[in-house]
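Participant: got a predicted structure here, sequence first:
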Amino acid sequence: MNKDDKEAVLFKPVEKTGRGFYLVVAGLVLILAWAAYAYSRQIVVGLDVTGLNRPVYWGLYITNFVFFIGISHAGTLVSAILRVFGAEWRRPITRAAEAITVFALVLGTGNIMIDMGRPDRLLNIIRYGRFQSPLVWDVTSLTVYLTASLTYLYLPLIPDLAILRDRPGLSPWRRWLYTKLSIGWQGTEEQKHRLERLIGIMAVLIIPIAVSVHTVVSWVFAMTVQPMWHSTIFGPYFVIGAIFSGIATLIIVMVILRRAFNLYAYITDEHFSNLGLLLMIFAFLWAYFTFSEYLTEFYGNEPAGMRVLFAKLVEEFSLMFWAMWLFNFILPFILLSNRRTRTVTGTVFTSILVNVGMWLERYNIVVPTLTRPRLPSPITSYTPTWVEWSVLVGSFAVFAMLYVLFSKLFPIVSIWEVREGEEIAAGGVVAGHHAEVGAD
Amino acid sequence: MPHWGMVIDLDRCVACQACSAACRAENNVSFAGPEETALGRAIYWQEVLAEVDGEYPNVRGTFIPRPCMHCENPPCVRVCPVGATYQNEEGLVLQRYERCIGCRYCMVACPYAVRYFNWRAPEWAEGMERYQNPDVPIRPKGVVEKCTFCTHRLPVPACNQACPGNARFFGDLEDPDSVVSQLARSPRAFRLLEDLGTEPKVYYLREGA
Amino acid sequence: MSYKMKSSRRDFLKLSGAIGATAIGASLVRPFFEATAQTSTLPYMQQWISTICLMCPGGCGILVRTINGRAVKIDGNPLHPVNTGKVCPKANAALQVLYDPDRLRGPMVQKGERGSDGWEAISWDEATQLVAERLADIRVNPGPQAMAFMSGRVRGQMGGLIDRFMAAYGSPNHIRHDSLSIDGERIGNELTFGHREQLAYDWDNCNYVLSFGRAFLEASRPTVRQIRGFSAMRRDRPNRRAKFVQIDTRFSITAAKADEWVPIRTGTDGALALGIAHILIAEELYDRRFVSEHTHGFEDWTDENGVAHEGFRSMVMREYHPVQVESITGVSADTIIRLAREFANAQPGVACGGRGAVMQTNGVFNWMAIQALNALVGSIEVPGGVLVQNRPPYSPWPDLPADPVADAGLAMTRFDGAGTRAYPLAHSVYQDLPERILAGEPYPLGALFIYYTNPLFSSPDVKRFYEAIQKVPFVVSFSPFLDDSSAYADLILPDHSFLERLQDDEIEPSLGYAVLGLRQPVVAPLFDTRDTGDVLIQIARAMGGSMEAAFPWSDFSQVIQSRLSGLWAFESGSIRSTNFSHFWDELISQSVWSDAPYAFGQWGRVFNTASGKFEFFSQKLYEKLDELRGEQTWGEWLSELGIDASGDMAFMPHYESPRHIGGASEYPFFLNTYKLMTHAEGRGANTPWLQEKLGMHIKKSWDAWVEINPRVAERLGIEDDDWVWIESPIGKIKLRAVLYPGARPDTLNIPFEQGHKHYGRWAKERGENPNWVVANESDQLAGIAAWFSTRVKIYKA
Ligand SMILES: Nc1nc2c(c(=O)[nH]1)N[C@H]1C(S)=C(S)[C@@H](COP(=O)(O)OP(=O)(O)OC[C@H]3O[C@@H](n4cnc5c(=O)[nH]c(N)nc54)[C@H](O)[C@@H]3O)O[C@H]1N2
Ligand SMILES: Nc1nc2c(c(=O)[nH]1)N[C@H]1C(S)=C(S)[C@@H](COP(=O)(O)OP(=O)(O)OC[C@H]3O[C@@H](n4cnc5c(=O)[nH]c(N)nc54)[C@H](O)[C@@H]3O)O[C@H]1N2
Ligand code: SF4
Ligand code: SF4
Ligand code: SF4
Ligand code: SF4
Ligand code: SF4
Ligand SMILES: [Mo]
């Protein structure tokens, strides 16, 4: 295959809009309209339309919040780590991963805003924010993370924007957009040098930021004295879970992109195999943390904690609890440890399981604790309503929509990085600072 | 500066719920109705917690009237992102309804579950708004509320005033000679979930001789 | 502290001006969020008005806070000796009675079928005229006796006013609800003390309480007085904490708060009391001096005709050995012996009881047995013991004008059979009306007035009333609400609510000395309602003749003032004045008059019996039965009355086996219907505040339920919250099961409160009324409804 032909598929989604796109967008718009209607009920009536109650003050929305923030780690963290360690196979997937981060973050924060009784008073957080509150830590770290990951998405996009800008046959508004966004990128060595350095710095910076974000999310729970929340390992536990679900999401997104945009040449089976292995490693880490968490609780035998533990192990949450183990560890282990099942299909299937399992895990952390208050309570259950489920479905639709639009406007595979990679692989003319370093 | 505290003598308390009723009337807490109550949306700044257990004929009933503990070291205040719940100079843990963003973090942080959320706008059946107390604000939808120790009518909370068992005492814990201070030193005195370190300012006196 | 929205809103907008778009968004959503007002900043006019609560018959003095003429809060009246400034949870719910959106707006006449929605408004003049004409017709044909007046909460002069209305009219049929309520206690007191009323107890100084089926802390009365007493006897006296023993078929709140719960087999309280008496006597623990000075019939005795009688001592020693009593009551002999010793040694203490023990087929004897314990330990007319309540010194009613029509009517037997051979000791037999109406026996009814009672809800086997009421040609209700019974009336003449009317209230304060409360309007009447007292006077005046002459007052307030002038003339007690109008003003402002403290040692007053003593052998009972015995032998007569005992025993406190409806094999459970603190008689169901915390002990609200022992439920495959049918020989109802460890294995418990067919949006069609399964069984001696006599079965729905 000729190089231009091969690259053509990378430009195609941006430059050609088929029926499929409209169908997908139309479907998503329908779902979103439904979710918007559901949310409008909540605005008009209040959180009364949810299944939340006293003492289950938090439910699906907060679960979604933690879940999406978790997924956001896909992204930046995976691509940053791979970049920092110079893993070559990262090149075609970093963009897809970084986009996941940004969109998931939008949804995470969105869900927490949906959970608010008074979204109209959002600015009170700025106006009266108290740094003693873990929620304010959260707001802060989320803001930093969102800014950082937007930057991190944007920086490697610049050369591609310039490539697009320079392509023929663009509609005027697109040309205007790409021109503005590519901020005068000419691909000079100087520019390339600066860009690579910036990306390098960001890649290093974003790792602690990402870790801190999910740690802080865990602290929202861990800083209370509530049973099975007040745990010292919650920080790393949440981070592990986050990366775990992040990788799973990345795998799913990759297979969709590969299929939808015919990116077989760039996203290869080997990518899936590698990420599959990574997924398995995290499945083990997750299992390790979960096991220590529960064993400690069990062995300590503290009554308030035991009530929550039993709620999960054998009572009303047991189905979810054991499903979580099945999806997050047992099945991934079986499927991924076996060469014959660690196929693309197998890996993607496992990733879907892991995402469901991780959502269940978040739910299992948020809800059971609240159903077992220390003092007697008339209500001890929670059943999410159609509004909450609609918002959950709507959240996924927003995610998909953002992704579809993004891939419509921007190349979902980093064209210049792939080119660079191919050049390195071909051992040909090496561009960029590697050559310079070599020349010194 | 007084430091307000309450003592509830469980040996005198007869679990009548007069305190709960008086609190609702005094503090403009409307009723939730059957459906909303079943969903856990009824608001009781003062609720009588009940547990009947054992096996016939060895049965035990425990009834604990529970206002806000006005913790000296209140976890709810610590976590509030906007300072909508705060502790004043007199040790009362109070709400700024107009500031609260309805995140309910304070609720999950309170180990006593004494905080209530306005899941919807409070409703008064036709004509029943006539018994609203003008001294206490009506809370809007989406904010958290709870027992204020009747800050608008210190030092006689409505619950104590009603209590037919004469089981409730209120006063200044700073003053070692006040009735509440004396009772708080009784060998029968204890506080709920004392080991959590919240330092509640509601003391209970154990039932029995 | 003030929460002023204004300033913060302005600040908010200032801040958000900088972030334009968000501010617009925020102000767009604002209407959805801020519908309600904050603290009123307007000045207001506040008043605290004293009056008397009537959510239950407890008679507490209350202070109602009004703001610009609206009632907003209810506290206790500290001047009132019954509740000294305290209230129970029902008091504040009165605000929701007053402002119930389903109150009737004015008089209404049924133009359609009985029970239909064909109500039309009618003016008070028309309504009064209509009633006057109908009554005048009936008085001629079939005669004045054909008018019956059912009443419930007749407080203060209201009972007397109705009595007078009926007497002037010529009907003996003022039928009070007391036979559903607690008449067994009053009648038992009449037989032993000679007073047909409830006794007083000096709770505050008591050391020991044996409570037989008295819901001391959740119902009973005066409720707040008893709760205060409970608290005082526990903790007001340093180093002296009373012991409280609750004898009950159910683990009630009272049982839970008591120091000991004695679960007893239903209807066997008399046996338990006599078992305790047995030990008191056998171990010589009784008060010999008191017994010899102040009782009659303890030792074997000979009457003036030389006939030898067995004494209480011999009878108890022969019949009620603890082992024997254990087999009847299920309470172990050891417990019986221990309770007896504790009771005797902890004096002063009292044995008391309530509906659980007395509203039974053997209830009067059970009550006599309970009071016999007080007589044995000499706990009568002593501090910490039983007192006989003094009553306020009213001025007498003026004589009725002579009227031969009335005399003829009054000479007829009572419609309900009270005081006849059917029910010798009864004054009212409310629950027997349906059969008599349907049979037209002893004569057909022409009119039925219903005041402050709800027979289509509160009676046993309530279905009968639905059939019977259709047979009565003219039914008038005075309820401010469209309750179950009013729905079947022809005419409703709505009363003021109790916060809108003037009415005195004679309270049974359980203090010994007399207390009289005065209820007064705290707000202007909300609707076109009228005090029923006024309406009765208006009807009488519209009828003219002797009826008009019997009511020389322009309104009910004049009646009250004329009766209460006796208190002023008494020149004792808490309000004294040289002129009546000043006395009246003071009474209005305080709402309570109370007499000087109780003076002990008035033995002549305390025992109003033939012997002037506490009668173990009731001469009253003997004479009353002898009078009605006719030609029958004693054996025949007693067995006709359903009394198994023979000889002297029949006139002494003794144990009769309770009768039950339904065979034990088909209906294995006893049914207990009980009252909760949050139940304000049948009439509390329309207050959301009480509904919302109805069954706090089992975390239930806004519904009815059946409590079942968890072990038994397991055996029957019934789980918590399952729908179950409760079926008795007369019907079945469907309820949610609650597995309750405090339920006896042989008993099912259903709260009395829910299941109204009408009575406003919050009461209507909510839960079930147990009276659709409670059979109509009465004690023939006293005509009291035997509420706990129905057997039932339970199965999954
Ligand atoms: N909160 C409240 N207070 C009230 C009222 C109200 O409606 N609500 N109503 C008022 C009126 S009208 C009345 S008459 C009084 C009635 O007050 P009480 O005389 O106390 O009668 P109940 O409340 O009906 O309670 C009956 C008790 O007896 C128990 N019991 C049932 N069967 C037996 C038995 O065989 N033996 C024994 N030992 N116990 C048994 C029941 O479980 C229950 O606890 O209360 C008055 N006070
Ligand atoms: N199964 C079962 N049945 C019981 C009992 C039980 O424990 N179990 N308890 C029994 C006892 S103790 C009693 S006393 C009876 C009570 O039963 P009832 O004598 O029927 O008395 P209530 O149901 O309290 O009230 C009767 C009616 O008074 C009307 N009313 C309310 N306010 C006013 C007013 O201001 N003026 C007028 N004129 N009317 C008004 C209301 O419409 C209400 O329906 O029930 C008895 N029935
Ligand atoms: S009881 Fe709860 S709400 Fe009250 S001060 Fe303590 S933590 Fe805060
Ligand atoms: S709900 Fe309101 S009071 Fe509670 S933490 Fe959030 S902002 Fe503070
Ligand atoms: S102190 Fe006031 S606000 Fe608190 S429970 Fe008592 S009545 Fe309610
Ligand atoms: S009012 Fe007093 S006696 Fe009644 S439940 Fe409350 S604290 Fe206990
Ligand atoms: S006991 Fe009865 S009279 Fe007293 S406050 Fe309660 S409801 Fe009113
Ligand atoms: Mo009664």
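Facilitator: Received the coordinates, thanks. Residues are numbered from 1 along each chain as shown, chains lettered A, B, ... in the order given. Ligands and ions are numbered 1, 2, ... in the order given.
Participant: from one end of stretch C:520-540 to the other, what's the distance?
Facilitator: For stretch C:520-540, the first-to-last residue distance is 24 Å (CA to CA, to the nearest Å).
Participant: burial measure for the residue of the stretch 151-300 of chain A found nearest ligand 5, as a count.
Facilitator: Closest residue of the stretch 151-300 of chain A to ligand 5, CB to the nearest ligand atom: A:V225 (22.6 Å). (Each C-beta comes from the backbone N, C-alpha and C, glycine too.) The burial count assigned to A:V225 is 18, neighbours taken as other CB atoms under 10 Å in any protein chain shown.
Participant: what separation do you get for the residue of the stretch 151-300 of chain A found nearest ligand 2 and ligand 6?
Facilitator: Nearest residue of the stretch 151-300 of chain A to ligand 2, counting by CB to the nearest ligand atom: A:P227, 42.4 Å away. Noted for A:P227: a distance of 28 Å to ligand 6, by CB to the nearest ligand atom, to the nearest Å.
Participant: show me what counts as buried in stretch A:349-358.
Facilitator: A:F349, A:T350, A:S351, A:L353, A:V354, A:N355, A:V356, A:G357, A:M358 (16 or more other CB atoms under 10 Å in any protein chain shown).
Participant: err, stretch C:728-741, not the other one
Facilitator: Applying a neighbour-count criterion of 16+ other CB under 10 Å, the buried positions in stretch C:728-741 are C:728-733, C:735-741.
Participant: dihedrals phi and psi, the residue nearest the centre of chain B?
Facilitator: Centroid-nearest residue in chain B: B:P67, 1.8 Å away (criterion: CA atoms, centre = their mean). Dihedral pair for B:P67: phi -90, psi -170, per degrees, to the nearest 10.
Participant: need the pLDDT of residue 101.
Facilitator: Went with chain A since none was named. As summarised for this prediction, A:T101 has a pLDDT of 93.
Participant: ah, no, chain B please
Facilitator: Per-residue confidence for B:I101 comes out at a pLDDT of 97.
Participant: does it touch A:L123 like I think?
Facilitator: No - B:I101 lies out of contact with A:L123 (CB atoms under 8 Å); the separation is 9.3 Å.
Participant: if you count surrounding residues, which of these two has more?
Facilitator: In this view B:I101 and A:L123 are compared by other CB under 10 Å, and B:I101 has more residues nearby, 26 against 19.
Participant: so which helix or strand takes in the more buried one?
Facilitator: In this structure, B:I101 is located outside every helix and strand according to DSSP states H and E.
Participant: separation between A:Y288 and A:V239?
Facilitator: Per CB to CB, to the nearest Å, A:Y288 is found 13 Å from A:V239.
Participant: so those two - more neighbours on which side?
Facilitator: The neighbour comparison of A:Y288 against A:V239 (other CB under 10 Å) goes to A:V239, with 23 against 13.
Participant: Three-state assignment for that one, please.
Facilitator: Taken by DSSP: H, G, I helix; E, B strand; the rest coil, the conformation at A:V239 corresponds to helix.
Participant: residues in contact with it?
Facilitator: Taking CB atoms under 8 Å, 6 or more residues apart in numbering or on different chains as the definition of contact, the neighbours of A:V239 are A:H73, A:V211, A:H214, A:T215, A:S218.
Participant: try it again at 10 Å.
Facilitator: Residues counted as contacts of A:V239 (CB atoms under 10 Å, 6 or more residues apart in numbering or on different chains) are A:70, A:73, A:77, A:210-215, A:217-218, A:285, A:289.
Participant: nearest residue to the residue in chain C that chain A sits nearest to other than its sequence neighbours?
Facilitator: Residue nearest to chain A within chain C: C:K699 (3.9 Å; CB to the nearest CB). In this structure, C:K699 finds its nearest non-sequential neighbour in A:P378, 3.9 Å apart by CB to CB, 6 or more residues apart in numbering or on different chains.
Participant: list the residues that contact both of B:I101 and A:L123?
Facilitator: Between them, B:I101 and A:L123 share the contacting residues B:V82, judged by CB under 10 Å, 6+ apart.
Participant: chain center to stretch C:163-183: distance?
Facilitator: Centre-to-centre, stretch C:163-183 and its host chain are 16 Å apart (CA atoms, centre = their mean, to the nearest Å).
Participant: please apply the same query to stretch C:371-391.
Facilitator: 22 Å.
Participant: can I get that stretch in PDB, CA atoms only?
Facilitator: Taking Å, rounded to 0.1, in the frame of the first residue of the first chain, the C-alpha atoms of stretch C:371-391 are listed here in PDB:
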ATOM      1  CA  GLN C 371     -59.300  -2.600  93.000                       C
ATOM      2  CA  ALA C 372     -59.500  -5.300  95.600                       C
ATOM      3  CA  LEU C 373     -55.600  -5.200  95.500                       C
ATOM      4  CA  ASN C 374     -55.700  -1.600  96.500                       C
ATOM      5  CA  ALA C 375     -58.100  -2.300  99.300                       C
ATOM      6  CA  LEU C 376     -56.000  -5.200 100.600                       C
ATOM      7  CA  VAL C 377     -52.800  -3.100 100.900                       C
ATOM      8  CA  GLY C 378     -54.700  -0.100 102.100                       C
ATOM      9  CA  SER C 379     -53.700   2.100  99.200                       C
ATOM     10  CA  ILE C 380     -56.900   4.100  99.100                       C
ATOM     11  CA  GLU C 381     -57.200   7.600 100.300                       C
ATOM     12  CA  VAL C 382     -53.500   7.800 101.200                       C
ATOM     13  CA  PRO C 383     -50.700   9.700  99.500                       C
ATOM     14  CA  GLY C 384     -49.400   7.600  96.700                       C
ATOM     15  CA  GLY C 385     -52.600   5.700  96.500                       C
ATOM     16  CA  VAL C 386     -56.100   5.700  95.000                       C
ATOM     17  CA  LEU C 387     -58.100   8.900  95.500                       C
ATOM     18  CA  VAL C 388     -61.800   9.500  94.700                       C
ATOM     19  CA  GLN C 389     -62.100  12.400  92.500                       C
ATOM     20  CA  ASN C 390     -64.000  15.500  93.600                       C
ATOM     21  CA  ARG C 391     -66.200  17.200  91.100                       C
END
